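Trainee: Please find the sequence and the predicted model below.
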Amino acid sequence: MKLYYKKLTDIPREERFVSGHGLCPGCGAGTIMRHLTKVAGKNTIYVEATGCVEVSTTGFPYTSWLNPWIHVAFENAAAVASGVETAIKVLKRKGMIPRDKEIKVVAIGGDGGTVDIGLQALSGMLERGHDILYVLYDNEAYMNTGIQRSASTPYGAWTTTTPVGKVWKGEWRPKKDIVGIALAHRIPYVATANPYYVLDMDNKFKKALEIKGPKFIHVLSPCTPGWRIPDDKSMEVAKLAVQTGVWILYEVENGEFRVTVPVPRRKPVIEYLKIQGRFRHLLKYPEEIEKIQKMVDEEAERINKLVGRTVIGPVESK
């Protein structure tokens, strides 16, 4: 992996996502947005779906965004970003914007606005080959509207719509493979990221923004109220997600698969589960924890088989 930033002091110092927002203390999304905007810099237009970040960072008439920023409906961030990217091309062709002026377009959505409601628009954006970076901040439920489950909610998690009882013990379905769906579009760059591993995350943002065509980065975003964790534990939980293999950090560039943060000896998955209130009920059901451990082990084995291989070919950017 090409390293644009080798140490924390290499990361741009300029703040383009500023204080005053209403995100919860310890919210992973705040760290993600702060670093995304640092890396992307001044000449970037953001298109954001309805969600936690939107509602918490742009309380009229205030905003935490120092860049052009567009709020759109829950389901169409990718579609509107496609329109913005196309409009920039047309304006350059007409001479209304200098042809050599670089303007980046970034679409942002949570798991509800990406994996569920916005999947159709995302697929269209990827299929058409727009030069856009789509960033999914995944807090694994509809946190903004009351912690309802999404297709990105992990197996066994409590939400208000996957209660814990005699029959149901939280979510009974695994997460939708949104990265696999993105890869199926044969796009130039797909990656996973984690705000604890900030250099890895920022290098992926930087690389994606320099690649022409559609890019997709799936970032784990700890949610303190939804995951039932203390405000000062979100980054510890994010770190454990990687150390246990629940969240594997990798990238697929032009079809070539590589793990970017290897974990030679994974911790037991219970270390990740027991620190979160949304999984605490599973401590009474060791067979459920064993099932999750098996799922994690199988996914890690699948990933290890892909390392160094070409998994799928890219399309040409348009």
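Mentor: Ah, there it is.
Trainee: Please, where are all the strands along this structure?
Mentor: For the chain, the strands defined by DSSP state E occupy 44-49, 69-72, 104-110, 133-138, 189-193, 215-220, 250-253, 256-259.
Trainee: CSV please, covering these and showing mean pLDDT, distance to K169 and mean neighbour count.
Mentor: For the C-beta atoms, the positions are set from N, CA and C on the backbone; glycine is no exception. CSV is the format used below for the strands of the chain (pLDDT from 0 to 100; distance: least, Cβ to Cβ, whole Å; neighbours: other Cβ atoms under 10 Å):
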stretch, mean pLDDT, distance to K169, mean neighbour count
strand 44-49, 98, 31, 24
strand 69-72, 97, 37, 18
strand 104-110, 98, 25, 28
strand 133-138, 98, 22, 27
strand 189-193, 98, 27, 27
strand 215-220, 98, 23, 26
strand 250-253, 96, 30, 21
strand 256-259, 95, 31, 17
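Trainee: Relative to D177, which of these is closest?
Mentor: strand 215-220 (10.1 Å; Cβ to Cβ).
Trainee: contacting residues around the closest residue in space to E251 that isn't next to it in sequence?
Mentor: In space, and not counting its chain neighbours, E251 is closest to A191: 3.9 Å by Cβ to Cβ, 6 or more residues apart in numbering. By Cβ atoms under 8 Å, 6 or more residues apart in numbering, the contact set of A191 is 204, 208, 216-218, 250-252, 260.
Trainee: for I181, same thing?
Mentor: 119, 123.
Trainee: T9 - how many residues pack around it?
Mentor: 7 (other Cβ atoms under 10 Å).
Trainee: tell me the pLDDT at it?
Mentor: pLDDT, T9: 96.
Trainee: and what of S317?
Mentor: 42.
Trainee: now swap in K166 and tell me
Mentor: 87.
Trainee: That one - how many residues pack around it?
Mentor: 5.
Trainee: List the buried residues in the longest helix along the chain.
Mentor: The longest helix of the chain (DSSP state H) is helix 286-306. By neighbour count on 16 or more other Cβ atoms under 10 Å, the buried set for helix 286-306 is 288-289, 292-293, 295-296, 300.
Trainee: these two touch, right, Y142 and T153?
Mentor: No: look at Y142 against T153 with Cβ atoms under 8 Å: they stay out of range, at 9.1 Å.
Trainee: Who has more neighbours out of those two?
Mentor: T153 (29 against 26).
Trainee: Distance check, the nearest residue to that one once chain neighbours are set aside against P214.
Mentor: Of all residues not flanking T153 in the chain, E171 sits nearest, at 4.7 Å (Cβ to Cβ, 6+ apart). Distance of E171 to P214, given as Cβ to Cβ, to the nearest Å: 30 Å.
Trainee: same thing with R93?
Mentor: The value you get for R93 to P214, if Cβ to Cβ is used, is 20 Å.
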